[in-house]
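Student: return a 3D structure for these sequence lines:
(chains A and B)
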2 protein chains.
Amino acid sequence: MTTVETRAVVDLLGVLAYAELTAFDRLAEDARLAPTLAGRAALARMAAAEIGHHDRLVRRLVELGAEPSAVMAPFTRALDGFHEGTHPRTWLEGLVKAYVGDGLAADFYREIAGFLPEPDRSLILEVLADTGHADFAVREVRAAIAAQPTLAGRLALWGRRLVGEAISQSQAVIAERDELARLILAGTGDLTGIGRLVDRITAAHTERMRTLGLNP
Amino acid sequence: MTTVETRAVVDLLGVLAYAELTAFDRLAEDARLAPTLAGRAALARMAAAEIGHHDRLVRRLVELGAEPSAVMAPFTRALDGFHEGTHPRTWLEGLVKAYVGDGLAADFYREIAGFLPEPDRSLILEVLADTGHADFAVREVRAAIAAQPTLAGRLALWGRRLVGEAISQSQAVIAERDELARLILAGTGDLTGIGRLVDRITAAHTERMRTLGLNP
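Tutor: This next block holds a predicted model:
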């Protein structure tokens, strides 16, 4: 790897490591909103899986000679800002956020990982693999909407708000990290390539909203 | 096992399963008080280990034909009450609670597990095994006191308050579950036996306070 490439890899591993730590926090917090002990344990279990991912990313950062805390630090503000700005008030909002928000973030990170050399590409794809949350969220949200169809409108609005916040925060992340921005530009080729990347992410998002039974 | 024994085993597995779920919650919450990202990840990792324990207990409950949520339900009030009554306000209070409070609870459950037949005795001893939290807490608390000796007095008071709350809540748990009370009485033999059990638990608690550098 060139130095610039290494820096971009370290940045991406760093933002992901911190993202997994905040995912843990958020799932642990949402677990307390669960209407049943089984739901609470299910979310706690998913939170635990995120910490396993965090540990793998941290180990790789150490292997690359990076100091994990220092590498994560530049991203704490943007990610904390996203979570503070999209604090779910209900169990269902938490599930929609986990499915729609994490799905969007994972798609974005996956696209960037595609530009990276091995073994980091595979590592990132593995830690982004779903930890069972998606199915669980879809099942619970669909069942809730089936029981009370008026929920759909409110949750759809919530889903759209999540996207808006996610976009503004990811722009903040990229703007602050030159190497990441260069990696994306080099990987996509040009502005048309970036446009196609955004189209793919948007299409996947629309699909996820429909899967939940929500108007995208 | 006799029916009474099975009921006592199920009760003990149930209270422990819920205790692990609350331990997860609490560690996840305390993680957010961590002064460093590394400390935050360390606590999140310990929280994740508790969920692994919870899952093992739940699997055993299912094996015994019990419905985990129903078995945990009678204990939620006492355990939630304990945690609400001893909400740490600082990172160090959280660590003292984890070390002193969890240590005390683990000793108590271990004593009861000694009265149980296999495989439940071993299962309980395994899930009660320390998840690395003890060493971590001792290191952090001792370092903090070394840097600021006046902390010791306040943290010692906190340690004593935890014991008081733990005793009153465990009495509430036992009072509500006849089979558990009978198991303890049968296991210890008589009131002298119960006295010795309390002495052992108290001695271990005193030792833990000293290890932290706190006046018991």
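
Student: starting at the chain centroid, how far to the helix or strand bottoming out on mean pLDDT in chain A?
Tutor: Taking mean pLDDT, DSSP states H and E as the measure, chain A has helix A:178-188 as its least confident helix or strand, at a mean of 81. The chain centre lies 19 Å from the centre of helix A:178-188; the measure is Cα atoms, centre = their mean, to the nearest Å.

Student: how about the residues of chain A by chain B?
Tutor: Taking Cβ under 8 Å from any Cβ of the partner chain as the criterion, chain A approaches chain B at residues A:18, A:21, A:24-25, A:28-29, A:31-32, A:36-38, A:40-41, A:44-45, A:47-48, A:51-52, A:54-55, A:58, A:68-69, A:72-73, A:76. Yep, even glycine has a C-beta here, placed from its N, CA and C like the rest.

Student: what stretches of chain A score poorly on pLDDT?
Tutor: Across chain A, the ranges flagged by pLDDT under 70 are A:1-4, A:131.

Student: ranges for the helices of it?
Tutor: Applying DSSP state H to chain A gives helices spanning A:3-31, A:37-63, A:68-85, A:91-96, A:102-113, A:120-128, A:133-147, A:151-176, A:178-188, A:191-212.

Student: report the buried residues of the first one.
Tutor: Judged by neighbour count (16 or more other Cβ atoms under 10 Å in any protein chain shown), helix A:3-31 contains these buried residues: A:5-31.

Student: gap between that helix and the chain center?
Tutor: 9 Å.

Student: by contact count, what packs against it?
Tutor: helix A:37-63, helix A:68-85, helix A:91-96, helix A:102-113, helix A:120-128, helix A:178-188, helix B:3-31, helix B:37-63 (3 or more Cβ pairs under 8 Å, 6 or more residues apart in numbering or on different chains; DSSP states H and E).

Student: which strands and helices sit next to the first one?
Tutor: When you say that, I think you mean helix A:37-63. Using 3+ Cβ pairs under 8 Å, 6+ apart as the contact test, the elements touching helix A:37-63 are helix A:3-31, helix A:68-85, helix A:120-128, helix A:133-147, helix B:3-31, helix B:37-63, helix B:68-85.

Student: that one to helix A:133-147, inter-axis angle?
Tutor: Interaxial angle, helix A:37-63 versus helix A:133-147 (axes from the mean of the first three to the mean of the last three Cα atoms, to 10 degrees): 150 degrees.

Student: in helix A:37-63, what counts as buried?
Tutor: Quick answer for helix A:37-63 (16+ other Cβ under 10 Å): A:37, A:39-51, A:53-58, A:60-61.

Student: can you state the direction angle for it and helix B:68-85?
Tutor: On the basis of the same axes, to 10 degrees, helix A:37-63 is oriented at 70 degrees to helix B:68-85.

Student: what about residue A:135, neighbour count?
Tutor: 10 (other Cβ atoms under 10 Å in any protein chain shown).

Student: what's the closest non-adjacent residue to residue A:134?
Tutor: Counting by Cβ to Cβ, 6 or more residues apart in numbering or on different chains, residue A:134 lies nearest to residue A:99, which is 5.8 Å off, once chain neighbours are set aside.

Student: what separates that neighbour from residue B:10, distance-wise?
Tutor: Going from residue A:99 to residue B:10 by Cβ to Cβ, to the nearest Å gives 35 Å.
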